[in-house]
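Student: starting from these lines, generate the structure:
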Amino acid sequence: MSRFRNHRERRLWLLAAVVVLFIYASAYFVQFLLDALRDRGLLAGTIWGAMLVGAAAAAAFFVRQRPGRWEVALLVAAAGAYLLFLRHLTITQERIHLLEYGAVGGLVYAALCERWGHAGATASGPAGAVRRWWQRWPAAWAILVAGAAGWGDELVQALLPNRVYDLRDVATNAEAAALLVVVLATRRKLRATAAIE
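Tutor: Model prediction:
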């Protein structure tokens with residue numbers, strides 16, 4: 001018997017694991033890249049470029065699925081929230097956490113929705129299977145899992161000679177995951193409501 005409900009869930013978990021492992025594996029080496037970019041005065045521009053690419057990818061994803069007016073409003077509100085969050089992060093290189101742990105949170109959320117039957121329109125899950133109480137909140141679980149992965153990132157950094165363990169980064173990682181997961185969960189709710197109407 002397969003551990004996964006379907007191939008899509010398997011791909012989502014695999015991709016989430018690959019992203020986390022890449023973040024962990026690059027923790028030592030990425031500091032050299034960041035230092036080189038900073039020395040050349042390119043760090044802020046590179047980070048902003050990465051953020052713009054991420055924003056363009058998210059906008060393309062939304063537009064491709066023909067969003068309703070409430071989804072467009074959600075996208076605008078999310079953009080405002082991201083700008084406020086970026087402004088809050090005064091250390092330039094910390095802004096990359098929004099992309100890293102947003103991606104982890106989003107992938108885990110999608111995998112949990114697939115696993116627990118939130119991908120379909122039925123309240124009881126696929127084939128009438130009743131969800132357990134804790135399966136009703138995939139967004140909360142996704143934030144917890146991504147937050148734990150972000151904490152693991154800081155634990156890895158505590159072992160490295162050129163990095164430091166920072167509780168603020170643990171919080172930033174969890175907040176980055178929460179921000180995208182809340183947007184995705186709200187969008188899922190809006191689409192489900194529109195389908196019923």
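Student: I'd like to know how far the residue nearest the centre of the chain sits from Gln135.
Tutor: For the chain, Gly102 is the residue whose C-alpha lies nearest the centre (CA atoms, centre = their mean; 2.2 Å). Going from Gly102 to Gln135 by CB to CB, to the nearest Å gives 23 Å. All C-beta spots, glycine's among them, are computed from the backbone N, C-alpha and C.
Student: what does Ala57 give?
Tutor: 29 Å.
Student: show the pLDDT at the residue lying closest to Leu43 once chain neighbours are set aside.
Tutor: Setting aside the residues directly before and after it, Leu43 is nearest to Leu37 in space (CB to CB, 6 or more residues apart in numbering), at 4.2 Å. On the pLDDT scale, Leu37 is placed at 94.
Student: quick check: Leu37 touching Gly49?
Tutor: No - counting by CB atoms under 8 Å, Leu37 stays clear of Gly49, with 10.9 Å between them.
Student: neighbour count winner among those two?
Tutor: Leu37 (17 against 11; other CB atoms under 10 Å).
Student: secondary structure element for that one?
Tutor: Following DSSP states H and E, one finds Leu37 within helix 7-39.
Student: so for that helix, what gets flagged as buried?
Tutor: 9-10, 12-13, 15-16, 19-20, 23, 27, 31, 34, 37 (16 or more other CB atoms under 10 Å).
Student: residue boundaries of the helices in the chain?
Tutor: Taking DSSP state H, the helices of the chain run over residues 7-39, 43-64, 69-88, 96-115, 138-158, 167-196.
Student: please identify the most buried of the ones you listed.
Tutor: Mean neighbour count (mean count of other CB atoms under 10 Å) peaks for helix 96-115 among these, with a mean of 24.
Student: measure the residue lying closest to Gly68 once chain neighbours are set aside to Gln65 for me?
Tutor: Of all residues not flanking Gly68 in the chain, Ala194 sits nearest, at 5.5 Å (CB to CB, 6+ apart). The gap separating Ala194 from Gln65 is 12 Å, by CB to CB.
Student: again, but for Asp153
Tutor: Asp153 is 31 Å from Gln65, by CB to CB.
Student: what of Pro138?
Tutor: Applying CB to CB to Pro138 and Gln65 gives a distance of 19 Å.
Student: next: Ala185.
Tutor: 16 Å.
Student: just Arg40 next, same as before
Tutor: 39 Å.
Student: my guess is Gln157 meets Ser26, correct?
Tutor: No - Gln157 lies out of contact with Ser26 (CB under 8 Å); the separation is 11.1 Å.
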